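sequence and predicted model, in that order:
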Amino acid sequence: MKIILATQNEGKVRELRDLIADEEIEVVSLRDLPESEEVEENGETFAENAAIKARAAVQRTGLIALADDSGLEVDALKGAPGVFSARFAGEPKDDERNNEKLLELLETIPEDKRTARFRCALVIAAPNGEEYLTEGRVEGKILRQPRGTDGFGYDPLFLVPELGRTLAELTLTEKNNLSHRAQAFRKAIPILKDLKAEHP
Ligand SMILES: O=c1[nH]c(=O)c2ncn([C@@H]3O[C@H](COP(=O)(O)OP(=O)(O)OP(=O)(O)O)[C@@H](O)[C@H]3O)c2[nH]1
Ligand SMILES: [Mg+2]
């Protein structure tokens, strides 16, 4: 079976490829296809946006498509940036500027109120129109300065309290043991196995 990872995000492709490696499924991503038009992620929830991306990819390629929509919810910001995480500091999307904006907004917020979580909605869309949704999340705290160089996005600011390390201080394997994306993906494995039986 061959599936398409419906994402342009290099960090996500790296993580999802690693997660899927054991499943004997051939994988391509939007990054392997010639220049694609960006689909408008105009849903109000992660789940809606993941479905929009998965549908667009299955229509374009005819392959089973797996899309991730994810983001950071900061309690002191009433859940922002949420579905706007990628473009928090405006267009074009820029991880560094997003992190700077987040730190500025949280400047006066004390340690115990810096709680946050990453959420991920993962949608698998099949060519016959069937769709499946799984979700995952990881709880943490926003630091006052970045730590670590792995991962992407807000990872250097996101402390996993149980480990005392940020997501950017974890190896790919370690992040894939606990992240929001990994949790959503693990729930999707049985679905992928069923699809594989139907589309050998
Ligand atoms: O530090 C982070 N570690 C993560 O593990 C993570 N997962 C998501 N995010 C943030 O949320 C946006 C998703 O937005 P998003 O789902 O629309 O993805 P995207 O626009 O980057 O790519 P695409 O999949 O849409 O092509 C990303 O850009 C990041 O800012 C993360 N940040
Ligand atoms: Mg996006």
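That came through fine. Numbering: from 1, shown residues only. Ligands and ions are numbered 1, 2, ... in the order given.

nearest to ligand 1: which residue in this structure?
Scanning the chain for the residue nearest ligand 1 gives residue 153, at 2.6 Å (criterion: CB to the nearest ligand atom). Where C-beta positions appear, they are placed from N, C-alpha and C, glycine not excepted.

buried stuff in the host helix or strand of residue 197?
Element membership of residue 197, judged by DSSP states H and E, is helix 180-198. Of the residues in helix 180-198, 180, 181, 182, 183, 184, 185, 188, 191, 192, 195 count as buried by neighbour count, 16 or more other CB atoms under 10 Å.

repeat that for stretch 146-162.
In stretch 146-162, counting by 16+ other CB under 10 Å, buried: 146, 147, 150, 151, 153, 154, 155, 156, 157, 158, 159, 160.

any idea of the mean pLDDT for it?
In this model, stretch 146-162 has a mean pLDDT of 97.

ranges for the helices of the chain?
10-20, 46-61, 95-105, 172-178, 180-198 (DSSP state H).

can I get those in TSV with mean pLDDT and distance to residue 84?
Listed next are those as TSV, based on pLDDT from 0 to 100; distance: least, CB to CB, whole Å:
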stretch	mean pLDDT	distance to residue 84
helix 10-20	97	17
helix 46-61	97	11
helix 95-105	98	10
helix 172-178	98	23
helix 180-198	96	17
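
close to ligand 1: what parts of the chain are there?
For the chain, the residues in contact with ligand 1 (CB under 6 Å from any ligand atom) are 7-9, 12, 41, 68-72, 85-86, 98, 118, 151-155, 158, 167, 179, 181.

of all residues in the protein, which one is nearest the centre?
residue 70 (4.1 Å; CA atoms, centre = their mean).

give the contact list for that residue.
12, 46, 85, 118, 119, 120, 121, 180, 181 (CB atoms under 8 Å, 6 or more residues apart in numbering).

swap the cut-off to 7 Å and go again
46, 118, 119, 120, 180, 181 (CB atoms under 7 Å, 6 or more residues apart in numbering).

from memory residue 64 sits against residue 129, does it?
No: counting by CB atoms under 7 Å, residue 64 stays clear of residue 129, with 11.7 Å between them.

so between those two, which is more surrounded?
residue 64 (25 against 8; other CB atoms under 10 Å).

and that one, what are its bridge partners?
Residues in a beta bridge with residue 64, per DSSP bridges, are residue 3.

nearest to residue 26, of the helices of the chain?
Closest to residue 26 of the helices of the chain is helix 10-20 (CB to CB; 9.6 Å).

contacts for the closest one, please.
By CB under 7 Å, 6+ apart, helix 10-20 touches 5, 7, 27, 29, 31, 68, 151-153, 172, 175-176, 181-182, 185.
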